[in-house]
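In: Sharing a model that was predicted from the sequence below.
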Amino acid sequence: MTRRTLAVITAGLSQPSASRLLADQLTASAVAELSRAGDDVDTHVIEVRDLARDVANNLVTGFPSPALKAAIDAVAGADGVIAVAPTFRASFGGLFKSFVDVLDETALDGKPVLIGATGGTARHSLVLEHAMRPVFSYMHAVVVPTSVFAATEDWAGDASLAPLRARINSAARELAAEIERRGPVEVADPFALTTSFEDLLKGE
């Protein structure tokens, strides 16, 4: 059995939030897909709201707090990422973008990413293709084709949930397939020797 890790970034401002609800459903579906493929899955949920001050301080000082560093490391060390942001004025929230801004520039290189967003009306749904996808593509992530937007009416009842559920499952299958195509991410040991003892004795 292969062990896989998912980093789940959710940037809702309220508790509970629609963004966290969508992130949880995307995560559950992705975990189910990976489990069917024989993987053992660990998930790391990053509530950006809880790190808001740490993110702001990092942007100013360049140094992350221990909690923020743990979140950054979780993203860098994950086999795949699920990222869900709330929508304000036709774009994703500033808190979400600020967290992405403090990630290492290579943290998402070649990493499968599933993007999602929430908003009061479906008119905001283009935020996924016109704002979020370009950001993750710029960071060299592999963004799966299906993105998921959930408007307020999508949570209205069983009938409303059916189309949303189908999109969630489709996106989760694509994320799982991208993860399965790759070997597990190997996180470098910060205490490991990168130079042999022989070279050290030679002064190299």
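Out: Done, it's in. Numbering: from 1, shown residues only.
In: Show the contacting residues for V135.
Out: K97, V100 (Cβ atoms under 8 Å, 6 or more residues apart in numbering). Yep, even glycine has a C-beta here, placed from its N, CA and C like the rest.
In: Where does it sit, in terms of helix or strand?
Out: If you go by DSSP states H and E, V135 is part of helix 133-138.
In: Give the rounded mean pLDDT of that helix.
Out: Helix 133-138 shows a mean pLDDT of 96.
In: ditto for stretch 81-98
Out: Summarised as a single mean, pLDDT over stretch 81-98 is 93.
In: buried residues in the helix holding V135?
Out: For helix 133-138, a neighbour-count test (16 or more other Cβ atoms under 10 Å) marks R133, V135, F136 as buried.
In: Could you find the closest non-adjacent residue to the first one?
Out: Among residues not flanking R133 along the chain, V143 sits closest, at 5.4 Å (Cβ to Cβ, 6 or more residues apart in numbering).
In: ok, the one you found to E129 distance?
Out: Counting by Cβ to Cβ, to the nearest Å, the gap from V143 to E129 is 10 Å.
In: Can you pick out the residue with more neighbours from these two?
Out: Under the criterion of other Cβ atoms under 10 Å, the comparison of V143 against E129 puts V143 first, with 26 against 13.
In: any idea how far S19 is from the more buried one?
Out: For V143, the distance to S19 (Cβ to Cβ) stands at 18 Å.
In: Equivalent analysis for P112, please.
Out: Separation of P112 from S19 (Cβ to Cβ): 20 Å.
In: ok, these two, which is more surrounded?
Out: Applying other Cβ under 10 Å to P112 and S19 shows that S19 carries more neighbours, namely 30 against 25.
In: Can you tell me what sits against the helix or strand where S98 lies?
Out: According to DSSP H and E, S98 maps onto helix 94-102. Under the criterion Cβ under 8 Å, 6+ apart, residues 9, 11, 13, 46, 48-49, 51-52, 55-56, 58-59, 64, 68, 71-72, 83, 85-86, 135, 139 lie in contact with helix 94-102.
In: ok now that helix, how far from the chain's centre?
Out: With Cα atoms, centre = their mean, to the nearest Å as the basis, helix 94-102 stands 12 Å off its chain's centre.
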